[in-house]
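> any chance you can model this:
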Amino acid sequence: MKKIGTILLVCLLLLSFAACGTLNTEKDATRVVAKIGDGTITKAQYNDLLAYYNVVYAVNRQAMPTGAELKTLKQNILKDLVNLEAEYLDAQKRGFTVAESVYENNVTAAMNYIEQNVDAKSMETFYSENGTTKEALQAFLTDYYKKIAYASELENQLFTIFMEEKTLLDSEVAKVNGKPMPMKKFLYYLMNSAINAYVTGQQIPQSPEEMQGYYKQILDEYAKTEAYYNEAMSQKISLSDEEILARQEQVNLYFNMLTPDEESRSSILRAYILTTEDWQAYSKEYATMLVAKDKLTQIFYDEMNIGEPTAKEIEDYYNKNIGVTQNETTYAKHILFKDTNEADAKICSDRAKAGEDFDALIAEYKSNPAVIEAADLKRFEKATMVEPFAVAALSLSAGEVSNPIKTEFGYHVIYVYGPPTLQEATPDIIQALSSEKRTQELTKKEATIMKNAKVKAPKEIKDILTLYLDSLHEKYDIKTYPSRL
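Modelled structure (predicted):
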């Protein structure tokens with residue numbers, strides 16, 4: 001949830017001080033580029049931070065952006081600097097304190113790191129060319145790290161702040177199915193999605209663009225689920241308390257796994273600016289909608305009259321998905337030996353050709369250190385396998401075993417077998433075709449419901465910190481002047 005504005009750690013800015021732009025030497029250094037409450041940010045202050053961006057690019061052997069990209073970068077630097085100043089001001093207004101050691105230790109470490117990695121002559125050149133001194137640089141870093149420390153403390157207290165200023169949590173994130181989605185409800189579904197992604201190993205978006213897509217996806221999923229619930233209610237489908245409670249336990253399964261005690265539960269909820277009451281209310285709401293969706297879906301299935309597949313449908317499915325075509329598809333099992341074990345592969349091949357059961361050989365060789373894989377590959381097409389393997393497999397008749405076949409992966413012993421007959425496969429085909437038809441019918445019914453699932457969201461869906469920063473801009477009447485950059 002936390003997203004402190006861009007913070008450039010000086011310990012990363014090495015050896016390329018000469019590449020740094022001139023600090024505080026511009027004629028318009030005193031021009032105001034932003035106003036925050038009764039204070040201002042001057043061009044000189046802005047240039048200090050911009051200079052360090054130059055160093056970062058230089059150290060990483062990257063050229064600073066030019067043209068429109070440089071203009072965007074400068075505007076973002078100003079935005080980050082303004083937000084940092086606003087958070088620092090608000091932290092002070094709220095009476096927050098940070099021990100000097102918190103930021104002074106960082107400054108000392110940064111200065112020591114610079115002096116250890118840059119020779120004295122280069123340091124003198126840097127100070128001379130940039131019209132500054134060691135003392136001035138240390139003062140700049142002290143001020144910067146101090147403000148970062150206060151901003152961090154402020155963000156650590158966002159839960160308390162939002163509990164005091166509840167109007168922010170009630171602010172509208174988007175309109176979903178014609179109704180406002182308040183921030184606190186959005187935060188619950190965001191938390192639930194993030195927890196599920198974490199437990200199941202899914203990738204969490206990182207970039208601002210990806211996050212916007214992620215937010216929209218959460219809103220879309222909510223809209224669809226609620227549309228099902230609304231349809232179920234219009235059909236007067238009954239939902240029992242027992243069903244809802246059971247589903248609520250499922251909804252909370254991963255959350256409960258990650259929060260085995262009250263302290264860990266409180267920690268996650270506070271990070272998402274949610275109270276226990278919020279979590280209980282919204283998890284029950286979500287569970288209720290899911291029960292309604294399940295019941296409505298079951299009614300759709302029960303009402304379906306898809307009939308039995310025709311003989312032609314069964315035959316077409318068999319030819320496309322089960323049968324084999326000469327020189328194009330086949331069924332095979334293989335035992336793959338390492339490329340240093342050709343002799344072992346030859347012994348295996350000879351045993352199979354002598355009549356030993358190939359499945360028994362697979363079971364035996366599976367744990368052999370000389371073997372990479374021993375498996376049934378089932379039906380495959382020529383194009384899906386490396387050429388030597390495919391050519392060898394397609395040249396064999398059902399029941400035949402290959403000599404060791406060399407590929408980039410090692411030595412393969414291949415056993416080819418035939419497909420089930422049409423008669424043998426028919427029960428499975430009927431089941432597969434019936435399932436496909438049910439899915440098609442369900443998709444049609446879903447499409448009717450989805451017409452009522454509508455999300456009207458702003459171009460930028462704001463996260464909780466952005467919402468708070470916006471409130472600071474209003475609170476302190478912040479004005480920026482990017483044209484002066």
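> element containing the nearest residue to residue 29 once chain neighbours are set aside?
Computed as C-beta to C-beta, 6 or more residues apart in numbering, the closest residue to residue 29 that is not its neighbour in sequence is residue 44, at 3.8 Å. Quick note: C-beta positions are derived from backbone N, CA and C, even for glycine. Per DSSP states H and E: residue 44 is located in helix 43-59.
> list the buried residues of the following helix or strand past that helix.
Next along the chain after helix 43-59, taking DSSP H and E as the criterion, comes helix 67-93. Judged by neighbour count using 16 or more other C-beta atoms under 10 Å, the buried positions of helix 67-93 are 73-74, 77-91.
> and what of stretch 316-327?
In stretch 316-327, counting by 16+ other C-beta under 10 Å, buried: 317-318, 322-324.
> can you add secondary structure, distance to residue 198 and pLDDT and give these back as a markdown table?
A markdown table is the format used below for these (DSSP: H, G, I helix; E, B strand; the rest coil; distance: C-beta to C-beta, whole Å; pLDDT from 0 to 100):
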| residue | secondary structure | distance to residue 198 | pLDDT |
| --- | --- | --- | --- |
| 317 | helix | 40 | 96 |
| 318 | helix | 43 | 96 |
| 322 | coil | 40 | 96 |
| 323 | coil | 44 | 95 |
| 324 | coil | 44 | 94 |
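> flag the shaky bits of this structure, pLDDT-wise.
Within the chain, the stretches with pLDDT under 70 are 1-28, 52, 55-56, 58-61, 118, 126, 130.
> next up, the contacts around the residue positioned nearest the centre of it.
The centroid of the chain falls nearest to residue 204 when counting by C-alpha atoms, centre = their mean (1.7 Å). Counting by C-beta atoms under 8 Å, 6 or more residues apart in numbering, residue 204 touches 194, 197-198.
> just the element for it, please.
Per DSSP H and E: nothing holds residue 204, as it lies in no helix or strand.
> who's in contact with stretch 279-297?
185, 188-189, 192, 225-226, 228-229, 231-233, 235, 237, 239, 243-245, 247-248, 250-252, 255, 269, 442.
> packing partners of the host helix or strand of residue 263?
Element membership of residue 263, judged by DSSP H and E, is helix 262-271. Helix 262-271 sits against helix 183-200, helix 253-258, helix 276-303, with contacts defined as 3 or more C-beta pairs under 8 Å, 6 or more residues apart in numbering; DSSP states H and E.
> any idea how far residue 72 is from the residue nearest to residue 194 when sequence neighbours are not counted?
Spatially, and ignoring its direct neighbours in sequence, residue 194 is nearest to residue 204 (6.5 Å; C-beta to C-beta, 6+ apart). Distance, residue 204 to residue 72, by C-beta to C-beta, to the nearest Å: 25 Å.
> same deal with residue 238?
56 Å.
> rewinding a little: how about the buried residues of stretch 316-327 in JSON lines, adding distance to residue 108?
Below are those laid out as JSON lines (distance: C-beta to C-beta, whole Å):
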{"residue": "317", "distance to residue 108": "74"}
{"residue": "318", "distance to residue 108": "76"}
{"residue": "322", "distance to residue 108": "73"}
{"residue": "323", "distance to residue 108": "76"}
{"residue": "324", "distance to residue 108": "74"}
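> output the helices and strands packed on helix 262-271 as CSV; include the columns mean neighbour count and distance to residue 367.
What follows is the helices and strands packed on helix 262-271, written out as CSV (neighbours: other C-beta atoms under 10 Å; distance: least, C-beta to C-beta, whole Å):
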stretch, mean neighbour count, distance to residue 367
helix 183-200, 18, 30
helix 253-258, 14, 34
helix 276-303, 16, 44
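> reformat the ones you listed as CSV; add distance to residue 172.
Shown next, in CSV, are those (distance: least, C-beta to C-beta, whole Å):
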stretch, distance to residue 172
helix 183-200, 8
helix 253-258, 26
helix 276-303, 16
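> closest one to residue 373 among those?
Among the helices and strands packed on helix 262-271, the nearest to residue 373 by C-beta to C-beta is helix 183-200 (26.7 Å).
> now the angle from that closest one to helix 262-271?
120 degrees (axes from the mean of the first three to the mean of the last three C-alpha atoms, to 10 degrees).
> for helix 183-200, name the packing helices and strands.
By 3+ C-beta pairs under 8 Å, 6+ apart, helix 183-200 packs against strand 172-176, helix 208-234, helix 253-258, helix 262-271, helix 276-303, helix 464-475.
> any chance of these in CSV, with distance to residue 109 too?
Converted to CSV, the helices and strands packed on helix 183-200 look like this (distance: least, C-beta to C-beta, whole Å):
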stretch, distance to residue 109
strand 172-176, 40
helix 208-234, 30
helix 253-258, 34
helix 262-271, 28
helix 276-303, 40
helix 464-475, 27
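> please identify which of the ones you listed is closest to residue 131.
Across the helices and strands packed on helix 183-200, closest to residue 131 is helix 464-475 (C-beta to C-beta), at 33.0 Å.
> which residue of the chain sits farthest from its center?
Most peripheral residue of the chain (C-alpha atoms, centre = their mean): residue 354, 53.7 Å.
> quick one: that residue from residue 446, how far?
For residue 354, the distance to residue 446 - C-beta to C-beta - is 57 Å.
> now do residue 37
Distance, residue 37 to residue 446, by C-beta to C-beta: 53 Å.
> repeat that for residue 438.
For residue 438 relative to residue 446 (C-beta to C-beta), the value is 12 Å.
> between the two, which one's more packed in?
residue 446 (17 against 14; other C-beta atoms under 10 Å).
> could you give the angle of the host helix or strand of the more buried one to helix 276-303?
Using DSSP H and E, residue 446 falls within helix 422-450. Between helix 422-450 and helix 276-303, the angle comes out at 130 degrees (the same axes, to 10 degrees).
> buried sites along helix 422-450?
422, 425-426, 429, 432-433, 441, 445-446, 449.
> partner strands of the lengthiest strand in the chain, parallel or antiparallel?
Longest strand in the chain by number of residues, with DSSP state E as the criterion: strand 371-381. Next to strand 371-381 in the sheet, as set by DSSP bridges, lie strand 329-337 (antiparallel).
> and the strand it pairs with, how far out from the chain middle?
On the basis of C-alpha atoms, centre = their mean, to the nearest Å, strand 329-337 sits 37 Å off its chain's mean C-alpha point.
> which residues sit against that strand?
323-324, 344-345, 348, 358-359, 361-362, 365, 370-382, 389, 393-394, 396, 398, 404, 409-419.
> I would like the residues contacting stretch 312-320, please.
309, 422, 425-426, 429-430, 432-433.
> and if you look at stretch 261-278?
1-2, 158-159, 162-163, 169, 184, 187-188, 190-191, 195, 255, 258-259, 279, 464.
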